[in-house]
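Undergrad: I need the structure of the sequence given here:
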Amino acid sequence: EGPAAAALADRLYQQSGGNPFFLHELLEGLLETAQIVPTDEGWTGPFIDAPEKTLPLPESLRDSIDARMARVNELTNMFVRTAAVAGRVFEDQIVRESGGWTEEQALGALDELLARGFLKSVPGTPTFAFSHHLVQEVIYAGLAPSRRTYLHRQMLAATKMLRPHDVEALMHHALGADDTHLAVDYGLQAAVRADQFFAYEEAVSYRERVLSLLGTGISPERLAVMEALADGYRLLRRGTTAVSTYRDCVQMAEQLEEQDLPTIVRLYRKIIQVTAGMRGSAKAEDLRLAYDIRATLMPDIQEQLRWLQGQPPRADTVHLLTALAGDALVSRPDVAWEEALHFIQAAVAVAARLQDPHLLISALTTQGSIFGAGGLVRERVDTAERVLDLVHKNESEPRVHAYALNAVGSALLHAGDYQRAIGVLREAEAFAQEKRIIDLEGRALSLLMVAFYHLDRWEEMDLIEERREHLLKQYSLERLGSPCFSIGLSAALRALRGQAEEARQYRLESKRIMELRGHPMSSSWQPHGSNWLRSYYY
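TA: I've put the predicted structure just below:
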């Protein structure tokens, strides 16, 4: 009953496509194989208890489709088997090229398959689709392994010729053709392409598949994939997974025959950055795990810093000093401000010597935050204006760009320059939205709420609130960051309007998120000396 029944109904609909015949056959097969077991209380069994389990194809369904296949001519039969290897949706030109058929032969086969209901055309495109995914799956499963491998090899060659940039399809067919090396190559290309479109979930999925293909050995190639995978986890704000993956990368890098110290330094730096960035959104237990990893590695990090400082100026030095400054500020704000300032001033000096505007943007952005934490408002604004000038003159990495714009807006906001802050924050929101940097889009919206609140522009607060709530429906708190402060502002706005009950609901929601993200910890783990992770702010 209830949610379990709804979930089961959804799954059965997805598997059957709502087709009554397929639904009947699927249920008969599930009952016959005891995947579903009726009881006096309802239904139970593996299919219900393990929704991730692959659904078996019933023999009756196989027999029915095989019987329909037997009624088509030999060429059509081979055409549809080749099409099943192409996928649920396919271009007839690629199938035709794979099988070596003439255009007339292929059109004749398509006509028969359309007439018999195996396929349907996709309006406005040169593609066709199987009438139901189960038809394609049954035909594909019925191919002998050697025939399947051969057809994937043919499909790979045809796709290379006709769609050389379709790396996702090329990876799929390389796997089907048992060409692991080629599948790895195409998988990495597909991941890079997904990164370019800010499709980070897809990029992570491709790299996870590539990593499984590479096995468990120690190699520079596997290390590079693991680091890129950890970068993806970080972008998705899966902090604990990112930190543990970076740690595994460090251990692998230290076991390589030729150790690459800059790579090890970079991995240490990323661990620091991720743990510092987790404080605004991660659950307390996840943050504790990440900090435990960070704490065990900190002596090695300090040693790497000493090594870097003995080298000529380099980008790695700026990155590590900037990360250590941010870590000191976030992890120990009550005691480490001067240490954070020392690190960041050193980072800015090295970036200036290297004459690298992108490094300087990153270092100055952190310097502005440290000035703000020390109450140096004028210095913070001066730094923000310098950063804004650099950002507009130089095209930096998207996340650095979005973060810098947010930092500038925040600096102007806290200096009371609300109008300029609004302009910069609107730019930050639009840029982060375009680049799908979800957490920084949410951050810009929260800061805009503060600006409009100070200016008593309540209608504009309402519009920001709508956009923020839309994001909350789309993304998890881990991905978006904790919006409890802006929700608190919504509570204040309702109170000012005299809407007491609505104000109370917003306040409770804000408090719920704070408690979810920062419940009391044991006294043995208090990174900033407080028993509540975010209480020093709220």
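
Undergrad: Just give me the longest helix of the chain.
TA: Among the elements of type helix in the chain, defined by DSSP state H, the one spanning the most residues is helix 284-309.

Undergrad: tell me the angle of the helix or strand just after that one relative to helix 284-309?
TA: Downstream of helix 284-309, the next assigned helix or strand under DSSP states H and E is helix 315-331. Between the axis of helix 315-331 and that of helix 284-309 there is an angle of 140 degrees, by axes from the mean of the first three to the mean of the last three CA atoms, to 10 degrees.

Undergrad: other SSEs contacting helix 315-331?
TA: Packing partners of helix 315-331 (3 or more CB pairs under 8 Å, 6 or more residues apart in numbering; DSSP states H and E): helix 261-277, helix 284-309, helix 337-354, helix 357-373. All C-beta atoms are positioned from the backbone trio N, CA, C, and that covers glycine.

Undergrad: Just tell me which of those helices ends up closest to residue 126.
TA: Nearest to residue 126 among the helices and strands packed on helix 315-331 is helix 357-373; the distance by CB to CB comes to 43.3 Å.

Undergrad: Output the closest one as CSV, restricted to C-alpha atoms.
TA: Taking Å, rounded to 0.1, in the frame of the first residue of the first chain, the C-alpha atoms of helix 357-373 are listed here in CSV:
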residue,chain,number,x,y,z
PRO,A,357,45.8,37.1,-13.8
HIS,A,358,43.9,33.8,-13.2
LEU,A,359,46.0,32.9,-10.2
LEU,A,360,45.7,36.5,-9.0
ILE,A,361,41.9,36.4,-9.2
SER,A,362,41.8,33.2,-7.1
ALA,A,363,44.2,34.5,-4.5
LEU,A,364,42.7,38.0,-4.2
THR,A,365,39.2,36.5,-3.9
THR,A,366,40.3,34.6,-0.8
GLN,A,367,42.2,37.6,0.5
GLY,A,368,39.0,39.7,0.3
SER,A,369,37.2,37.0,2.4
ILE,A,370,40.0,37.1,5.0
PHE,A,371,39.9,40.9,5.2
GLY,A,372,36.2,40.7,5.8
ALA,A,373,36.6,38.1,8.5
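
Undergrad: What residues sit buried inside the next helix or strand after it?
TA: Proceeding C-terminally, helix 357-373 gives way to helix 377-393 as the next helix or strand, assigned by DSSP H and E. Of the residues in helix 377-393, those with enough neighbours to count as buried (16 or more other CB atoms under 10 Å) are 379, 380, 381, 383, 384, 386, 387, 388, 390, 391.

Undergrad: Now do the helix or strand following helix 377-393 against helix 377-393, angle only.
TA: Moving toward the C-terminus from helix 377-393, the first helix or strand encountered (DSSP H and E) is helix 398-414. With the same axes, to 10 degrees applied, the angle from helix 398-414 to helix 377-393 works out at 140 degrees.

Undergrad: For helix 398-414, give me every contacting residue.
TA: Outside helix 398-414, the residues that touch it by CB atoms under 8 Å, 6 or more residues apart in numbering are 198, 235, 358, 361-362, 365, 368-369, 372, 377, 380-381, 383-385, 387-388, 390-391, 395-396, 418, 420-422, 424-425, 427-428, 431-432, 435, 437, 440-441, 443-444, 447, 450-451.

Undergrad: One more: stretch 425-445?
TA: With contact meaning CB under 8 Å, 6+ apart, stretch 425-445 is reached by 198-200, 237, 281, 398-399, 401-403, 405-406, 408-409, 413, 447-448, 451, 464, 467-468, 471, 475, 479-481, 483, 486.

Undergrad: Tell me the buried residues in it?
TA: Of the residues in stretch 425-445, those buried under the neighbour-count criterion (16+ other CB under 10 Å) are 425, 427-429, 431-433, 437-445.

Undergrad: In helices, which of the residues you listed fall?
TA: Assigned to helices by DSSP H, the following of the buried residues of stretch 425-445 qualify: 425, 427-429, 431-433, 438-445.

Undergrad: So which of those residues is the closest to residue 37?
TA: When those are compared for distance to residue 37, the smallest value, 42.6 Å, is given by residue 438; criterion: CB to CB.

Undergrad: could you measure that closest one against residue 201, distance?
TA: Taken as CB to CB, to the nearest Å, the spacing of residue 438 relative to residue 201 amounts to 11 Å.

Undergrad: ok, now residue 159?
TA: Distance of residue 159 to residue 201, computed by CB to CB: 24 Å.

Undergrad: now residue 228
TA: Counting by CB to CB, the gap from residue 228 to residue 201 is 14 Å.

Undergrad: swap in residue 193?
TA: Residue 193 sits 14 Å away from residue 201, going by CB to CB.

Undergrad: So if I had to pick from the two, which one is more boxed in?
TA: Comparing residue 193 with residue 201 by other CB atoms under 10 Å, the one with more neighbours is residue 193, at 16 against 12.

Undergrad: Contacts only, for that one.
TA: Residue 193 touches residue 167, counting by CB under 8 Å, 6+ apart.

Undergrad: quick one: buried residues of the one helix or strand it maps to?
TA: Following DSSP H and E, the helix or strand that holds residue 193 is helix 180-196. The neighbour-count criterion (16+ other CB under 10 Å) identifies 182-191, 193-195 as the buried residues of helix 180-196.

Undergrad: can you check stretch 396-406 too?
TA: In terms of neighbour count (16+ other CB under 10 Å), stretch 396-406 has its buried residues at 396, 398, 401, 402, 403, 404, 405, 406.

Undergrad: Dump the residues you listed to CSV, plus pLDDT and distance to residue 73.
TA: Converted to CSV, the buried residues of stretch 396-406 look like this (pLDDT from 0 to 100; distance: CB to CB, whole Å):
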residue, pLDDT, distance to residue 73
396, 82, 61
398, 90, 55
401, 91, 60
402, 93, 59
403, 90, 63
404, 92, 65
405, 94, 64
406, 94, 64
